[in-house]
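Engineer: Let's see this in three dimensions:
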Amino acid sequence: MGPPQSNIDSSDLRETARKWILQSLHDKKMAEMNYQHEGYDVAAFLSHQAVEKLFKGLFVIEGKKIPRTHHIDQLAKELLVPEEILPDIYRLAPDYQISRYPDISDCIPYEIYSMDIVSVKLQALDRIFTVLNPQYKEFIP
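Structural biologist: Okay, here's the model as predicted:
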């Protein structure tokens, strides 16, 4: 773990990191559940959210200030994540907006997501969590 953030005790940092990590795992589970119930747009959005929260938890673990952004590609670069998962991150990055806003892609979001599209996104999500597991595993029960 890197140096603690200013004026924050290390036990507070651990608790903050634990909250981010557990919420990221919950979002991952909810993405998988929405996929099973054909909520493909929601599954795509929650996949993005799971990765974003995982990354923010990793910032805390490293003793760094959490950037105020939803851009998981930017967060990944700042965290220096392994290059092998960068394609997976890029696959999920647009879903923060496209999965929710009709004016972003000029369509109705739930109509553009399918089982096949989201299946690939969930595979990407699994790879990201698997590769980064050594960095956060101590924070999960």
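
Engineer: any idea where the strands of the protein begin and end?
Structural biologist: Taking DSSP state E, the chain contains no strands at all.

Engineer: And the lowest mean pLDDT element among the helices and strands of it?
Structural biologist: helix 102-105 (a mean of 86; mean pLDDT, DSSP states H and E).

Engineer: ok, the residue nearest the centre of the chain to D95 distance?
Structural biologist: When Cα atoms, centre = their mean is applied to the chain, the residue found nearest the centroid is V51 (0.9 Å). Distance, V51 to D95, by Cβ to Cβ, to the nearest Å: 10 Å. Heads up, the C-betas are built off the backbone N, CA and C, glycines and all.

Engineer: cool, and P102?
Structural biologist: Distance from P102 to D95, by Cβ to Cβ: 14 Å.

Engineer: go on, C107?
Structural biologist: For C107, the distance to D95 - Cβ to Cβ - is 14 Å.

Engineer: who has more neighbours, these two?
Structural biologist: Remark: of C107 and D95, D95 carries more neighbours, 24 against 11, as counted by other Cβ atoms under 10 Å.
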